[in-house]
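**Q** How does the following fold in three dimensions:
(chains A, B, C and D)
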There are 2 protein chains.
Amino acid sequence: MNGARETGRRSGTSRGRIDKRRSILAAAFRIFARDGYGQSCVREIAAEAGVAKPTVYNHLGDKETLFREAMQEAVERTTADALTAFEGLREPGDGTAAALEEAGHRLLRGHCGAESRALRGLLHAEAGHFPDLVEELQRNGARRVHDALADRLARLALGGRLDISDPDRAAEQFLALLTGPMELRSGLGTREVPDAELHSVARAATDTFLSAYAAPATA
Amino acid sequence: MNGARETGRRSGTSRGRIDKRRSILAAAFRIFARDGYGQSCVREIAAEAGVAKPTVYNHLGDKETLFREAMQEAVERTTADALTAFEGLREPGDGTAAALEEAGHRLLRGHCGAESRALRGLLHAEAGHFPDLVEELQRNGARRVHDALADRLARLALGGRLDISDPDRAAEQFLALLTGPMELRSGLGTREVPDAELHSVARAATDTFLSAYAAPATA
DNA sequence: CCCGAGCTGAACCGTGCGGTTCAAAAGAAC
DNA sequence: GTTCTTTTGAACCGCACGGTTCAGCTCGGG
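**A** Below you'll find the predicted structure:
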């Protein structure tokens, strides 16, 4: 319905005028994350956004599209953040192991963050009702993280620092070793996990990962 | 309210008389799994169970307790099933690697089964609303699976077939290597995963696991 | 200065929910 | 057969929801 409607408006604060849309989507995600899709009501989302209810329906016609849009935005944010975790893997001067552990820890920090947890929870919850959304969000989220890591690992293998024949498999396993243990440890996001524990998991993951993929000769 | 009410009744078929409760709980789980907690209505659960709505409220007073009870029962079923996957690890005659891969594959089969997927999805979805339920269900489910595997691994280590100093860590990582990759591959349960892929993941997990924990001398 | 687009708040509609009530029916126990 | 418990269907209550309407206000552009 809208789409090409809001063109070059800039008013900065988002308080007085435009950027309603952003604030609505942010509020929507917050409420959806707190109450779930079914239990959330648009009334409350509008209130959280500091906006009248019809305004919500003006910008996004439907509760469903509101949900989809809010999820898209959230996955964009968290993915961008997660991708920064792999920066240290471009040129690991201080040793491959340390760089992997550092990257793993940074990834875990994001993974256990509030927004990321809420996003996974919501997606998991409504996966059955919006299969296409799952598909798209995984393509724009987890898939990109996986690919980025696989790229880095392939580079490291090419540089002789790792012995990897299948970078996709290696990336998949490293990610599994990192995030897999958090499900139980964090009680599906119920319990807060202390940073020391994150370090410990990242360390263990790196150790096991390197047992399988360390280069035969470190030169 | 009830509890010690239904004593030694047995009528067998569950069609004519008692066992309403079981059938209600089973139907409840089916509906909850299909629609989510918020979107499910007790009316439909009663219909699915072939029972009048007041009967549901007679047996389980509340929609919430209905949910909790149904989840408890489901976790009991799936956990019992998962635990059987580790039977082959008691006396792995045909080699530790093959036994691990077999156990991993059987675990994955269950993990990707409809009931198990639905259970995880529901729990993930409502984790925020029922933190105590998460705690209890993990204790009765995932935790028991983890412990059972850790026990088997410790035995194998004691028998000199594995080199494991921390069985809990080893179990955690093996489970992570198995189930971690399925999240993306199955699209959170949206896509069906062919059995060949399950075998492949189990194989890869076993390989990497053994790289880290294989005994130095196989005798 | 006015104009028009967008925002507001409040009321409104139809619907479906959780949960209850009640009178009638169906079994089980004796 | 009689009695006591349980189940049944249907109606009912209060409520909150998604979504719409509308008259009035605000504010930027001219």
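**Q** Okay, now the unreliable bits of chain A?
**A** Applying pLDDT under 70 to chain A flags residues A:1-18, A:217-219.
**Q** Helices of that one, residue ranges please.
**A** Counting by DSSP state H, chain A has helices at residues A:20-35, A:42-49, A:53-59, A:63-84, A:96-111, A:114-126, A:131-140, A:142-158, A:167-185, A:195-213.
**Q** I'd like these laid out as a markdown table, including mean neighbour count and distance to B:Ala202.
**A** C-betas here are computed from N, CA, C, even on glycine. Shown next, in a markdown table, are the helices of chain A (neighbours: other Cβ atoms under 10 Å in any protein chain shown; distance: least, Cβ to Cβ, whole Å):
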| stretch | mean neighbour count | distance to B:Ala202 |
| --- | --- | --- |
| helix A:20-35 | 20 | 34 |
| helix A:42-49 | 18 | 44 |
| helix A:53-59 | 16 | 47 |
| helix A:63-84 | 18 | 27 |
| helix A:96-111 | 21 | 23 |
| helix A:114-126 | 21 | 23 |
| helix A:131-140 | 17 | 22 |
| helix A:142-158 | 18 | 19 |
| helix A:167-185 | 22 | 12 |
| helix A:195-213 | 20 | 15 |
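**Q** Put together TSV for these, with distance to chain B on each row.
**A** Shown next, in TSV, are these (distance: least, Cβ to the nearest Cβ, whole Å):
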stretch	distance to chain B
helix A:20-35	7
helix A:42-49	14
helix A:53-59	19
helix A:63-84	12
helix A:96-111	12
helix A:114-126	3
helix A:131-140	5
helix A:142-158	5
helix A:167-185	3
helix A:195-213	4
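**Q** So for DNA strand C, which of the ones you listed sits nearest?
**A** helix A:53-59 (3.5 Å; Cβ to the nearest atom of the strand).
**Q** So if we follow the domain assignment, how does chain A break up?
**A** Chain A breaks down into these domains under automatic domain parsing: A:11-61, A:63-213.
**Q** Include distance to B:Ala49 when you put those into TSV, please.
**A** Output for those, formatted as TSV (distance: least, Cβ to Cβ, whole Å):
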stretch	distance to B:Ala49
domain A:11-61	21
domain A:63-213	21
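**Q** Give me the number of neighbouring residues for A:Gly128.
**A** The number of residues packed near A:Gly128 is 20, by other Cβ atoms under 10 Å in any protein chain shown.
**Q** Work out which residue lies at the spatial centre of chain A.
**A** Most central in chain A under Cα atoms, centre = their mean is A:Thr78, positioned 3.7 Å from the mean C-alpha point.
**Q** OK, contacts around the nearest residue to it once chain neighbours are set aside?
**A** With sequence-adjacent residues excluded and distances taken as Cβ to Cβ, 6 or more residues apart in numbering or on different chains, A:Thr78 is closest to A:Ser116, at 4.7 Å. By Cβ atoms under 8 Å, 6 or more residues apart in numbering or on different chains, the contact set of A:Ser116 is A:78, A:82, A:110.
**Q** Run through the residues that contact the closest residue to A:Leu156 other than its chain neighbours.
**A** Spatial nearest neighbour of A:Leu156, excluding adjacent residues (Cβ to Cβ, 6+ apart): A:Leu162 at 4.6 Å. By Cβ under 8 Å, 6+ apart, the contact set of A:Leu162 is A:96, A:153, A:156, A:170, A:213-215.
**Q** Adding distance to DNA strand D as columns, could you present those in JSON lines?
**A** Converted to JSON lines, these look like this (distance: Cβ to the nearest atom of the strand, whole Å):
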{"residue": "A:Thr96", "distance to DNA strand D": "50"}
{"residue": "A:Leu153", "distance to DNA strand D": "44"}
{"residue": "A:Leu156", "distance to DNA strand D": "48"}
{"residue": "A:Ala170", "distance to DNA strand D": "44"}
{"residue": "A:Tyr213", "distance to DNA strand D": "48"}
{"residue": "A:Ala214", "distance to DNA strand D": "53"}
{"residue": "A:Ala215", "distance to DNA strand D": "55"}
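**Q** From these, pick the one nearest A:Ser23.
**A** Closest approach to A:Ser23 among the contacts of A:Leu162 (Cβ to Cβ): A:Leu153, at 39.3 Å.
**Q** number of nearby residues for the residue lying closest to A:His129 once chain neighbours are set aside?
**A** Using Cβ to Cβ, 6+ apart and skipping residues adjacent in sequence, the residue nearest A:His129 is B:Gly36, 7.2 Å away. Applying other Cβ under 10 Å, we find 22 residues neighbouring B:Gly36.
**Q** Now do the contacts for B:Gly36.
**A** By Cβ under 8 Å, 6+ apart, the contact list for B:Gly36 reads A:36-38, A:125-126, A:128-129, B:122, B:125.
**Q** Distance of the closest residue to A:Ala33 other than its chain neighbours relative to B:Leu89?
**A** Among residues not flanking A:Ala33 along the chain, A:Ala118 sits closest, at 3.4 Å (Cβ to Cβ, 6+ apart). Remark: distance between A:Ala118 and B:Leu89 (Cβ to Cβ, to the nearest Å) = 37 Å.
**Q** again, but for A:Lys63
**A** For A:Lys63 relative to B:Leu89 (Cβ to Cβ), the value is 49 Å.
**Q** near DNA strand C, which residues of chain A show up?
**A** Selection of chain A residues close to DNA strand C by Cβ under 7 Å from any atom of the strand yields A:5, A:18, A:20, A:50-55, A:58-59.
**Q** Swap in 6 Å and give it another go.
**A** Taking Cβ under 6 Å from any atom of the strand as the contact definition, chain A meets DNA strand C at A:5, A:20, A:51-55, A:58.
**Q** Name the nearest residue to A:Ala142, sequence neighbours excluded.
**A** Sequence neighbours aside, B:Leu184 is the residue nearest to A:Ala142 in space, at 5.4 Å (criterion: Cβ to Cβ, 6+ apart).
**Q** which residues are contacting stretch A:177-187?
**A** With Cβ under 8 Å, 6+ apart as the test, stretch A:177-187 has contacts from A:104, A:107-108, A:111-112, A:117, A:191-193, A:197, A:201-202, A:204-205, A:208-209, B:127, B:131, B:134-135, B:138, B:142-143, B:146, B:172-173, B:175-177, B:179-180.
**Q** dump the residue contacts of the residue nearest to the centre of chain A.
**A** Residues in contact with A:Thr78 (Cβ under 8 Å, 6+ apart) are A:110, A:113, A:115-116, A:119, A:141.
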